[in-house]
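In: quick check, what structure comes out for this input:
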Amino acid sequence: MESIYANEKRWNSLLSESARANPAFALPDIDPRLPNALLIGDSISIGYTKTVREMLRGRFNVFRISENGADTATGLKRIDLWLDGRHWDVIHFN
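Out: A predicted model of the protein is given here:
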């Protein structure tokens, strides 16, 4: 099955209505030549996702998880979904 991070329809099915309206939750423009970074975090990381993407444009494909990562307990329950079986060059936890 295709990765949630590569299939816009599957990705959008994971997003809440409010997340669909937030540019932080949009899939990035993917350049297959670049390394992939994943942001995992709470509302603070939602706030800086767009800035990180702009700062790393041309150096990394910057993805974020499909929801507010909340606390560690949530992360432990959802980590397999978030990692999606992909190889990540960088994973940033907030």
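In: in a helix, Phe63, correct?
Out: No - with DSSP: H, G, I helix; E, B strand; the rest coil as the criterion, Phe63 is assigned strand and is not in a helix.
In: Ala73 versus that one, what's the distance?
Out: To Ala73, Phe63 is 23 Å away according to C-beta to C-beta, to the nearest Å. In this view, the C-beta of every residue, glycine as well, is placed from N, C-alpha and C.
In: which one of those two is surrounded by more residues?
Out: Phe63 (25 against 8; other C-beta atoms under 10 Å).
In: OK, contacts around the more buried one?
Out: Tyr5, Leu27, Pro28, Asn36, Ala37, Leu38, Leu39 (C-beta atoms under 8 Å, 6 or more residues apart in numbering).
In: how much space between the last one and Phe60?
Out: Here Leu39 is placed at a distance of 11 Å from Phe60 (C-beta to C-beta).
In: what pLDDT does the model give His87?
Out: Per-residue pLDDT puts His87 at 93.
In: wait, I meant Met1
Out: 73.
In: if I look at it, how far off is Asp84?
Out: Distance from Met1 to Asp84, by C-beta to C-beta: 10 Å.
In: name the residue in these two with the higher neighbour count.
Out: The neighbour count for Met1 versus Asp84, taken as other C-beta under 10 Å, is higher for Asp84 (18 against 7).
In: many thanks, have a good one.
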